[in-house]
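S.K.: everything below, folded, please.
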Amino acid sequence: MFELKFLTSLITFAFMMNGSPGPNNMMVTASGANFGYRRSLPHLLGVCIGFVSMILVVAAGLGFVFTKYPIVHIVLRFVGSAYLLYLAWKIATSSTLVKIDQKDNRPMTFKAAVLFQYVNPKGWMTAVTGVSSFSKAGSEYWPSAGLIALVFLIVCFLSVSIWASFGSLIGTWLNSAKSLKVFNIVMGVLTASCLFMIW
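M.R.: Residues are numbered from 1 along each chain as shown. Alright, predicted model coming up:
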């Protein structure tokens, strides 16, 4: 049903979108450095499940809303940008641990990571582009949409795992409060710089 060229193009696109620096990858790197890979797993899984659910929502028709009413996408950009700056500030101003959750010092929860995808403009752009570019017409539409979701689920998990593992490796070198503070400032600035990709 799906030729090798189609699959290769889809997988390449998924790796380019999920593997490149962006809000999610910057945050999971910071989480890995501060909490380790294992404790960051709910965050990683939330990113993957949230993003895949967006692909399915776009496949079901929300992409049409963005096309017909561009103002919705513009509003989403502002909301997503404001929230991204808020998260970047929280990361950068942490003197020890990245306090993404106000209740205690712990990584972003699964639910929060899922919800973040819905205010992440890069995620929406990727989902809309992926579905519009790789979905097939007619009876192959939903099988192709399902394949897109599956490929992105696998690639997304691999990508965020690599970034979180990289953060975890860096975390082993951050053996003082000062070095961790510097790292958090750098990660906060890099997270905020993702706005250039959004705008």
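S.K.: contacts, neighbours, all on C-alpha from now
M.R.: Will do.
S.K.: Met17: neighbouring residues, count only.
M.R.: When neighbours are counted by other C-alpha atoms under 10 Å, Met17 registers 21.
S.K.: mind starting the numbering at 559 from now?
M.R.: Taking 559 as the first residue, the last one we looked at is Met575.
S.K.: list the residues that contact it.
M.R.: Thr684 (C-alpha atoms under 8 Å, 6 or more residues apart in numbering).
S.K.: checking Lys694 next. Helix, strand or coil?
M.R.: coil (DSSP: H, G, I helix; E, B strand; the rest coil).
S.K.: isn't it right up against Ser702?
M.R.: Yes. With contact defined as C-alpha atoms under 8 Å, Lys694 counts as touching Ser702 (5.9 Å).
S.K.: and the two? Which one has more around it.
M.R.: Ser702 (19 against 15).
S.K.: residue contacts, the more buried one?
M.R.: By C-alpha under 8 Å, 6+ apart, the neighbours of Ser702 are 692-694.
S.K.: how about Leu732?
M.R.: Applying C-alpha under 8 Å, 6+ apart, the residues contacting Leu732 are Leu738.
S.K.: how close does it sit to Gly619?
M.R.: 46 Å (C-alpha to C-alpha, to the nearest Å).
S.K.: in the protein, where's the longest helix?
M.R.: Identified as the longest helix of the chain according to DSSP state H is helix 699-731.
S.K.: pLDDT value on Gly638, please?
M.R.: Note on Gly638: pLDDT of 67.
S.K.: kindly report the same for Met683.
M.R.: Reading off the model, Met683 has pLDDT 82.
S.K.: picking up where we left off before, for the longest helix of the chain, which positions count as buried?
M.R.: 700, 702-707, 709-711, 713-729 (16 or more other C-alpha atoms under 10 Å).
S.K.: tell me the SS of the residue nearest the centre of the chain?
M.R.: For the chain, the residue nearest the mean C-alpha position is Asn582 (3.4 Å; C-alpha atoms, centre = their mean). Classification of Asn582 by three-state DSSP places it in helix.
S.K.: wait, it touches Val605, no?
M.R.: Yes. Asn582 is within contact range of Val605, at 7.2 Å (criterion: C-alpha under 8 Å).
S.K.: and the closest residue to Leu727 other than its chain neighbours, which helix or strand is it part of?
M.R.: Using C-alpha to C-alpha, 6 or more residues apart in numbering and skipping residues adjacent in sequence, the residue nearest Leu727 is Ala591, 6.9 Å away. Assessed by DSSP states H and E, Ala591 sits inside helix 581-593.
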